[in-house]
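Enquirer: Any chance you could fold what I've pasted below:
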Amino acid sequence: MAVAVRYEIEHESRYSYTAPARSCVMRLCLKPRGDGGQRLVRFAVSTDPSSTLNVETDAFGNTRHVLNLHREHAALAISASCVIEIRPSPLLPESLGPAAWTAIHAERDAFADWDFTRPSALTTPSAALSAFMRRCGIRVQDDPLESLRCLSDALHDNFTYSPGSTSVISPIDHILETGRGVCQDYAHVMIAIARSWGIPTRYVSGYLHVTGAEGEQAPSTFTHAWAECRLPGLGWIGFDPTNRTLADQRHVRVAVGRDYQDVSPTRGVLRGAGQSHLNVTVRIHPLLPPPA
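Expert: A predicted model of the protein is given here:
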């Protein structure tokens, strides 16, 4: 019988500057969500040098910390840590039946899904996207769940994971033209296509627990991204085209939004500082399953 798993996660963002910064205001999106099969056991965030951190909730239900630091500093470290518990996902059916597309199309203009059925800044359809779909044979199947599974598989098969090949503001045309990108690019393309089919689809930022070649815990990893689609009778289902899998107990959800711009882990404004450089370190430590 499957049981819940727990992870202890440490996420450190270090900004270095070519000249001292006079002040800094940032919005942090680092606290994992406590829904969708997750339970947040513990969370803490701090900065060095110390700063004021105010908590707010955005329109998508994500927790944000607003950082204010109004004194000169030569560097900035933001450290977040948490313990998260993830329950096993229920098994999915092979298909949803012939009425599923009718149910999806009937809700296409629903206010609650408006943000997740329309194009966003980084998920806008284009001629390059249409050409890519024709070239790869990506099309709507008789069943929406089957359509999404085939779409996720096609993206995995036709793209090459290549760190550094794109940036956080790259449009989907970049990976469509080069065939190279990272997890956020895979997610943005899947979102653009699924939304064009009328399926409510959102971007998910978070973490993925990975292991070494012989099953050993990987000492360090990075943030991850995938897509969630809302399906009749199932709710939000996660698809990870980068790894050709459904989201499962290895995936830790931090935030959801229309695309990466809604859920960037750190975003803000500096005064002074010259040029800045960001180095991110993420460590995930599996813990023993909680007692029954």
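Enquirer: who touches residue 165 in this structure?
Expert: 174, 175, 178, 180, 181, 182 (Cβ atoms under 8 Å, 6 or more residues apart in numbering). Backbone N, C-alpha and C define where each C-beta goes, glycine included.
Enquirer: Which stretches in the stretch 1-150 of the chain count as strands?
Expert: 5-28, 38-48, 52-57, 63-69, 73-86 (DSSP state E, counting those that start in this stretch).
Enquirer: and the shortest one, what does it pack onto?
Expert: Under the contact criterion of 3 or more Cβ pairs under 8 Å, 6 or more residues apart in numbering; DSSP states H and E, strand 52-57 touches strand 63-69.
Enquirer: Check which helices and strands the strand it packs on is in contact with.
Expert: Using 3+ Cβ pairs under 8 Å, 6+ apart: strand 63-69 touches strand 5-28, strand 38-48, strand 52-57.
Enquirer: Give me the sheet partners of the last one and which way each runs.
Expert: The one in question is strand 52-57. Neighbouring strands of strand 52-57 in its sheet, by DSSP bridges, are strand 63-69 (antiparallel).
Enquirer: pLDDT of the strand it pairs with, averaged?
Expert: The predicted model assigns strand 63-69 a mean pLDDT of 97.
Enquirer: Report the buried residues of that strand.
Expert: Using 16 or more other Cβ atoms under 10 Å as the test for burial, strand 63-69 gives 63, 64, 65, 67, 69.
Enquirer: who touches it?
Expert: 23-31, 33, 45, 47, 49, 51-58, 76, 78, 268.
Enquirer: Which ChimeraX command selects the buried ones in the residues you listed?
Expert: Selection command for ChimeraX covering only the buried members of these, criterion 16+ other Cβ under 10 Å:
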select :24,25,26,27,28,29,30,31,33,45,47,51,53,76,78,268
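Enquirer: ok, residue 27 - contacts?
Expert: 64, 65, 66, 67, 266, 267, 268.
Enquirer: Pipe those residues into JSON lines and attach distance to residue 91 per row.
Expert: As requested, the contacts of residue 27 are exported to JSON lines (distance: Cβ to Cβ, whole Å):
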{"residue": "64", "distance to residue 91": "34"}
{"residue": "65", "distance to residue 91": "37"}
{"residue": "66", "distance to residue 91": "41"}
{"residue": "67", "distance to residue 91": "42"}
{"residue": "266", "distance to residue 91": "37"}
{"residue": "267", "distance to residue 91": "38"}
{"residue": "268", "distance to residue 91": "42"}
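Enquirer: out of the strands of the stretch 1-150 of the chain, nearest to residue 105?
Expert: strand 38-48 (30.5 Å; Cβ to Cβ).
Enquirer: ok, that closest one: who's next to it in the sheet?
Expert: Partners of strand 38-48 in its sheet, by DSSP bridges: strand 73-86 (antiparallel).
Enquirer: Give me the buried subset of the contacts of residue 165.
Expert: Judged by 16+ other Cβ under 10 Å, buried ones among those: 174, 175, 180, 181, 182.
Enquirer: Now the fourth one. Nearest residue, chain neighbours left out?
Expert: Spatial nearest neighbour of residue 181, chain neighbours left out: residue 175 (3.5 Å); criterion: Cβ to Cβ, 6 or more residues apart in numbering.
Enquirer: Check what pLDDT the nearest residue in space to residue 168 that is not next to it in sequence gets.
Expert: Leaving aside its chain neighbours, residue 168 sits nearest to residue 260 (5.9 Å; criterion: Cβ to Cβ, 6+ apart). For residue 260, the model assigns a pLDDT of 97.
Enquirer: Adding distance to residue 238, write the strands of the stretch 1-150 of the chain out as CSV.
Expert: Converted to CSV, the strands of the stretch 1-150 of the chain look like this (distance: least, Cβ to Cβ, whole Å):
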stretch, distance to residue 238
strand 5-28, 16
strand 38-48, 11
strand 52-57, 22
strand 63-69, 19
strand 73-86, 12
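Enquirer: Of all those strands, which one comes closest to residue 95?
Expert: The nearest among those, by Cβ to Cβ, is strand 73-86 at 26.3 Å.
Enquirer: re the thing from before, wait, doesn't the residue nearest to residue 168 sit right on residue 204?
Expert: No: under the criterion of Cβ atoms under 8 Å, residue 260 lies out of contact with residue 204, with a separation of 10.4 Å.
Enquirer: and residue 129, which of the strands of the stretch 1-150 of the chain is closest to it?
Expert: Of these, nearest to residue 129 by Cβ to Cβ is strand 5-28, at 30.0 Å.
Enquirer: tell me which residues in the closest one are buried?
Expert: 5-7, 9, 11, 13, 15, 17, 21, 24-28.
Enquirer: Adding distance to residue 223 and pLDDT, write those residues out as CSV.
Expert: Listed next are the buried residues of strand 5-28 as CSV, based on distance: Cβ to Cβ, whole Å; pLDDT from 0 to 100:
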residue, distance to residue 223, pLDDT
5, 19, 94
6, 19, 95
7, 14, 96
9, 10, 97
11, 8, 97
13, 10, 96
15, 16, 94
17, 22, 92
21, 24, 92
24, 21, 94
25, 22, 96
26, 16, 96
27, 16, 96
28, 13, 98
